[in-house]
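[1] Got a sequence here, can you model it:
(one chain, ligands or ions: 1)
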Amino acid sequence: PVVVLDFGAQYAQLIARRVREAALFSEVMPHTASTQEILNRQPAAIILSGGPSSVYDEGAPSLDPALLDAGVPVFGICYGFQAMVRALGGTVEHTGLREYGATQAQIDDTSSTLFNGQPGEQSVWMSHGDSASLAPEGIRVTATTPGAAVAAIEDDERQLYGVQWHPEVLHSTFGQRVLENFLLRGARLEPDWTPAAMADELIDQVRDQVGDGRALCALSGGVDSSVAAALVQRAIGDQLTCVFVDHGLLRDGEAEQVKKDFVAATGVDLVVIDATEQFLTALAGVSDPEQKRKIIGAQFIRCFEQAARDIVHDRGDDQHPVKFLVQGTLYPDVVESGGGTGAANIKSHHNVGGLPDDLQFALIEPLRLLFKDEVRQVGLELGVPEEIVHRQPFPGPGLGIRIVGEVTAERLEILRAADKIARAELTAAGLDRDIWQCPVVLLADVRSVGVQGDGRTYGHPIVLRPVSSEDAMTADWTRLPYDVLARISNRITNEVADVNRVVLDVTSKPPGTIEWE
Ligand code: XMP
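    As a prediction, the model looks like this:
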């Protein structure tokens, strides 16, 4: 594999994903792994990630110089670049010149290994306080930026390379080219990693993990859990049972659609649990978003535990309890729930941070290290139909986190009606593939004055939140055509009782998140 050594970056998995985009197998290892452990993985190349530390911080992760002498091509990024410069005998200084965000890099040699075929000036994404001021002896400096005299280094003989910026983020215009130049020209690797190979690898891992045990899959009908279910089914066949919980927080027609699509596509046994009462009772009186998420997460698990007991009971086989729970957790869910190394908890995604402490199941999360578009590729590879694979994301906690305020049956009905109209109009306008998703949010504790048919109204606002995104880690608001917005607004205010205003959310992520809670 191409080993990405994680120095505590939010970006380590993103780097791994960019390597996979270059059709090479990649895996992330923590910086605490010993040189021997790393070399035991027989890396074809090593990438040193960025990280939050300064090389001068006490306890800052260090780089064993032996790793640079092992005959394995190495590429350092940001902190990894600085650690590399230091380990090779160059100088890294607190220059006082901080660079954050976009800056221009001057490329000194556009025929070099890293920069071959690229312009002499390119926009790059920076995030550093220290900078390399003196390159190690015998190493070429091939780029500079206003804040870094040594912004890229190359040594073809020893196959050592590095850049001060973050080539893995899209804001670095030629980032992927630089990374691919390292992999294909610097390290001379042959691309051979495909979605099919990825699916096979994941299937093998699941088989190893489960053995002859029984597993239950928490199916939501969304892309992630459907692909996870298909994958696990491929791995363990009828040792798997899929459970769909109707928690009463679904959109109009959703339960029916899931039953129809999923069963038709996979032939998997689907157990449907109607738990509306249970969820609404547990949510009664609760307005705090994190508390709602935790409650919903816990109720899901209680449903799965009950389903697991029923399965054992139905089979009359208490020798084989259900030990595993399959979830479609993706990498962005893990990072944002505070699961990445040193990453902050933004919100508790119900299938990650929202799990109760007394969980009885071991988790199987085959997609845990993948991004959405990779999951879609794996899904297509497994024969999951296009309608499911390209379905827009819908969060596990459903409409429960789209009602700002307490969740009640009446409010759910209002939101469901508004959401149905918005979805129908977006689909009719042919916009489904142009937007990532469009949460429709009910501000249940807010009222405003309106006038309808000569009378005063005092109703609730509905928020439309159309977003465009690549992986849900960042997003921008989608510029929907005004006439489509007008139709949605007209219909919602006319057709949905208690709603007298429709507003558009024009916030990117960051600073907003996609959902309101
Ligand atoms: P945010 O609101 O964090 O959303 O910007 C990012 C993406 O994740 C979805 N989302 C969830 N999905 N369980 C899920 O399965 C959750 O608890 C959850 N919270 C947010 C959201 O719809 C968006 O696609």
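[2] Which helix or strand contains Met84?
    With secondary structure defined by DSSP states H and E, Met84 is part of helix 79-87.
[3] Sketch out the low-pLDDT regions of the stretch 351-500 of the chain for me.
    Counting by pLDDT under 70, the stretch 351-500 of the chain contains low-confidence ranges at 351-354.
[4] let's see 90
    Across the stretch 351-500 of the chain, the ranges flagged by pLDDT under 90 are 351-360, 368-373, 385-388, 433, 452-454, 470-475.
[5] ranges for the strands of it?
    Using DSSP state E, counting those that start in this stretch, the strands of the stretch 351-500 of the chain run over residues 362-364, 403-404, 440-443, 448-452, 455-464, 467-469, 475-477, 499-504.
[6] Output those strands in a markdown table, with mean neighbour count and distance to Ser225 appended to each entry.
    To be clear about C-beta, it is placed using only N, CA and C from the backbone, and glycine gets the same treatment. Below are the strands of the stretch 351-500 of the chain laid out as a markdown table (neighbours: other Cβ atoms under 10 Å; distance: least, Cβ to Cβ, whole Å):
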| stretch | mean neighbour count | distance to Ser225 |
| --- | --- | --- |
| strand 362-364 | 18 | 12 |
| strand 403-404 | 22 | 23 |
| strand 440-443 | 23 | 22 |
| strand 448-452 | 12 | 38 |
| strand 455-464 | 17 | 26 |
| strand 467-469 | 19 | 19 |
| strand 475-477 | 18 | 21 |
| strand 499-504 | 19 | 30 |
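[7] and of these, who's closest to the ligand?
    Proximity to the ligand (Cβ to the nearest ligand atom) singles out strand 475-477 among those, at 6.8 Å.
[8] mind checking how far that closest one is from the chain centre?
    From the chain centre to the centre of strand 475-477 is a distance of 15 Å (Cα atoms, centre = their mean, to the nearest Å).
[9] Which strands and helices lie in contact with that strand?
    If contacts are counted by 3 or more Cβ pairs under 8 Å, 6 or more residues apart in numbering; DSSP states H and E, strand 475-477 sits against strand 467-469.
[10] Quick check: bridge partners of Phe324?
    Ala215, Ala362 (DSSP bridges).
[11] And the pLDDT at it?
    For Phe324, the pLDDT comes out at 96.
[12] Then Val335?
    So Val335 comes in at 68 (pLDDT).
[13] The one 10 residues further on now?
    Looking at Asn345, its pLDDT reads 64.
[14] Double-check that Gly328 belongs to a strand.
    No: counting by DSSP: H, G, I helix; E, B strand; the rest coil, Gly328 is not part of a strand but coil.
[15] now do the same end-to-end measure for stretch 313-322.
    Length of stretch 313-322, first residue to last, Cα to Cα, to the nearest Å: 11 Å.
[16] thinking Ser226 is in contact with Gly328, fair?
    Yes: counting by Cβ atoms under 8 Å, Ser226 touches Gly328, with 7.4 Å between them.
[17] that older thread, buried ones in whichever helix or strand comes after the helix holding Met84, by neighbour count?
    For helix 79-87, the following helix or strand on the C-terminal side (DSSP H and E) is strand 91-93. Neighbour-count burial for strand 91-93 flags Val92 (criterion: 16 or more other Cβ atoms under 10 Å).
[18] chain center to strand 91-93, what's the gap?
    35 Å.
[19] what's it in contact with?
    Here strand 91-93 makes contact (Cβ atoms under 8 Å, 6 or more residues apart in numbering) with Val55, Gln82, Val85, Arg86, Asp130, Ser131, Ala132, Ser133, Leu134.
[20] picking up where we left off before, which other helices and strands does the helix holding Met84 contact?
    Counting by 3+ Cβ pairs under 8 Å, 6+ apart, helix 79-87 packs on strand 45-48, strand 74-77, strand 91-93, strand 131-134, strand 148-155, strand 160-163.
[21] quick one on the thing from earlier: take the strands of the stretch 351-500 of the chain and write them to CSV, including distance to the ligand.
    What follows is the strands of the stretch 351-500 of the chain, written out as CSV (distance: least, Cβ to the nearest ligand atom, whole Å):
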stretch, distance to the ligand
strand 362-364, 14
strand 403-404, 13
strand 440-443, 11
strand 448-452, 25
strand 455-464, 13
strand 467-469, 8
strand 475-477, 7
strand 499-504, 17
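[22] Turn these into TSV, columns for distance to Gly396.
    Shown next, in TSV, are the strands of the stretch 351-500 of the chain (distance: least, Cβ to Cβ, whole Å):
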stretch	distance to Gly396
strand 362-364	14
strand 403-404	15
strand 440-443	17
strand 448-452	31
strand 455-464	20
strand 467-469	18
strand 475-477	18
strand 499-504	25
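[23] residues in contact with the nearest residue in space to Trp516 that is not next to it in sequence?
    Nearest residue to Trp516, sequence neighbours excluded (Cβ to Cβ, 6 or more residues apart in numbering): Val441, at 4.8 Å. Residues near Val441 by Cβ under 8 Å, 6+ apart: Arg402, Ile403, Val404, Leu415, Ile462, Val463, Arg465, Asp505, Trp516.
[24] Could you check the angle the helix holding Met84 makes with strand 148-155?
    Per axes from the mean of the first three to the mean of the last three Cα atoms, to 10 degrees, the angle that helix 79-87 makes with strand 148-155 is 80 degrees.
[25] Go through helix 79-87 and flag the buried ones.
    Applying 16+ other Cβ under 10 Å to helix 79-87 flags Tyr79, Gly80, Phe81, Gln82, Ala83, Met84, Val85, Arg86, Ala87 as buried.
[26] With respect to Ile139, which of these is nearest?
    For those, the minimum distance to Ile139 (Cβ to Cβ) is 8.4 Å, reached by Val85.
[27] Hmm, Ser131 and that closest one touching each other?
    No: at 9.5 Å, Val85 does not count as touching Ser131 under the criterion of Cβ under 8 Å.
[28] shared neighbours of those two, anything?
    In contact with both Val85 and Ser131: Val92, Val150, using Cβ under 8 Å, 6+ apart.
[29] circling back to that earlier point, which among the helices and strands packed on helix 79-87 is found nearest to the ligand?
    In terms of Cβ to the nearest ligand atom, the element of the helices and strands packed on helix 79-87 nearest to the ligand is strand 74-77, at 25.2 Å.
[30] what's that closest one packed up against?
    So strand 74-77, by 3+ Cβ pairs under 8 Å, 6+ apart, packs with strand 45-48, helix 79-87, strand 160-163.
[31] Distance check, the residue most central in space within the chain against Ile236.
    Nearest to the geometric centre of the chain sits Pro332, at 2.4 Å (Cα atoms, centre = their mean). Using Cβ to Cβ, to the nearest Å, Pro332 is found at 26 Å from Ile236.
[32] What is the burial count for the closest residue to Ala497 other than its chain neighbours?
    Closest residue to Ala497 apart from its sequence neighbours, by Cβ to Cβ, 6+ apart: Ile414 at 7.3 Å. Here the number of neighbours of Ile414 (other Cβ atoms under 10 Å) works out to 21.
[33] same deal with Asp483?
    The number of residues near Asp483, taken as other Cβ under 10 Å, comes to 9.
[34] Then Ile388?
    Ile388: 22 neighbours (other Cβ under 10 Å).
[35] Next up, the contacts around it.
    Gly221, Val223, Ser226, Asp261, Phe262, Ala265, Gly379.
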